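[1] Need coordinates for the following:
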Amino acid sequence: MFDDDDFYTAKVSLPVRDAWRAPKRRRGWKLPKVLPVWALPAAGAAVVFTALILAYSVKEADESAFAGAEAVAAMAPTAAQGVSEDRLRSDTVVGATAKVAPTVVSIVGSNLDGGGEGEAKSGAMGLGSGVIFDRSGDKVRIVTNNHVVEGFSQLDVVSISGEKRPATLLGRDQITDLAVLEMDGAGIKQLAEFGDSDALQPGETAIAVGNPLGLGYAPTVTQGIISWPKRTIPVTLGQEGDFDWEMDVIQTDAAINQGNSGGALVNLEGKVVGINTMKVADMGVEGLGFAIPINQAKGVIDTLIKEQKVKRPYMGVVTQDLQAYKGTEGLELPSDVKKGVLVLDVVGPAKDAGLKSSDVIVELDGKPVDSTLALRKYIYSQKRVGEKLQVTYYRGAKKNYAQLELEELKDR
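    Reported below is the predicted structural model:
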């Protein structure tokens, strides 16, 4: 595949989501072919479910909007003696649900005035979930997935009681698939509490709360376990299916369906330990859902609130893994150069440093890089905007060295 660290976008629509919100010139976001096309971001299906959405009245908010929390909180069980262990566990789940359910909302995205560059088509709608987690003055903040809000010019939040309020996008990040919204907080008394995702254990009870398949199923609670607390999954940021990034996620068998994206994965204390983001949807596969660990999300959320985006460096190369290139003979490389990153095009810092098309990068700062994934991970995790980067590369049979200054990756 072609990789571009300059014109980079990610976490966009898979074929299923494209059916209802297909922005122009947006790159695919899916798991690689080694984990076939079954990896679906669970952001809802608005065109498919538009009739379902319209079937439910969404009232405009007033001072009593989002006040359904008290009614839900009444579900919390009281302690009782002489009850079975199963009943106690069930009551614990009920209590945890009562604590978090009022904070989980539906997020409706729309483009009613026409789709501009990078936006969904005019008339397109999208539906996902979000979690109210913070208050700032008379406003409250909501965390959700980037792929829930990306491409929409209008965002509305619908509460558990069906009340609707407009929301403003504070910031979003395509790589971590996180976004933060802000809206009027009048009448909202309950905020979600974040837990400790690092403390999760395999087999621990997990509760997923979200709004699958449309507002008619909001909210929906499913129960399962933590299948594995930290699973590294390769994903593709481009369109061709080769993986060039990795996400660390929580794996759970609690049901996560379309529309659950951005909802809460909760422990038995009613604390949010993850933000639901995607699932495995393939014939014969059940119980493979994934959530962004909340400890990983906290820093990104804070950055999005303060700076509206996560600043990342870029070197300005369009690349392909050398191992996947079928014309290596024409590159005239030394016989021992079998792995590296083939440069297809250069812009910005790389061009200024003298790199050219058909160069093969083999080291960054003296450390071997054998794939675009390795290149990206090194730059994003080890370098900052404005720092120098030493590049070792081959041009034909000759080994060369270049130094460039990393610039800020711009949204496109």
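
[2] only C-alpha atoms for contact and neighbour calcs from this point on.
    Noted.

[3] separation between A218 and G187?
    20 Å (CA to CA, to the nearest Å).

[4] more crowded one of those two?
    Neighbours per residue (other CA atoms under 10 Å) separate A218 from G187, with A218 holding more: 24 against 16.

[5] ok, now which ones touch that one?
    Residues counted as contacts of A218 (CA atoms under 8 Å, 6 or more residues apart in numbering) are 106, 160, 210-212.

[6] What does the pLDDT read for it?
    Confidence at A218, expressed as pLDDT, is 72.

[7] residues of the helix or strand hosting A350 that come out buried?
    Assigned by DSSP states H and E, A350 belongs to helix 348-352. For helix 348-352, a neighbour-count test (16 or more other CA atoms under 10 Å) marks 348-351 as buried.

[8] In the stretch 151-300 of the chain, what residue spans correspond to helices?
    294-307 (DSSP state H, counting those that start in this stretch).

[9] Would you mind listing where it has pLDDT under the threshold?
    Low-confidence segments of the stretch 151-300 of the chain (pLDDT under 70): 214-215, 237-242, 244, 283.

[10] again, only using 80
    Counting by pLDDT under 80, the stretch 151-300 of the chain shows low-confidence ranges at 213-218, 235-244, 280-286.

[11] Quick one: distance of the helix holding A350 to the chain centre.
    30 Å (CA atoms, centre = their mean, to the nearest Å).

[12] can you check stretch 389-401 too?
    On CA atoms, centre = their mean, the centre of stretch 389-401 falls 35 Å from that of its chain.

[13] Kindly report the same for stretch 352-361.
    That offset, for stretch 352-361, works out to 32 Å (CA atoms, centre = their mean).

[14] coming back round to it: and the contacts of the helix holding A350?
    315-317, 404-407.

[15] follow-up on the earlier one: please render the buried residues of helix 348-352 as JSON lines that adds pLDDT and distance to T168 to the earlier fields.
    Converted to JSON lines, those look like this (pLDDT from 0 to 100; distance: CA to CA, whole Å):
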{"residue": "G348", "pLDDT": "95", "distance to T168": "33"}
{"residue": "P349", "pLDDT": "97", "distance to T168": "34"}
{"residue": "A350", "pLDDT": "97", "distance to T168": "36"}
{"residue": "K351", "pLDDT": "97", "distance to T168": "38"}
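
[16] Save these as JSON lines, and put in distance to D336 too.
    Conversion of those to JSON lines gives the following (distance: CA to CA, whole Å):
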{"residue": "G348", "distance to D336": "30"}
{"residue": "P349", "distance to D336": "28"}
{"residue": "A350", "distance to D336": "25"}
{"residue": "K351", "distance to D336": "27"}
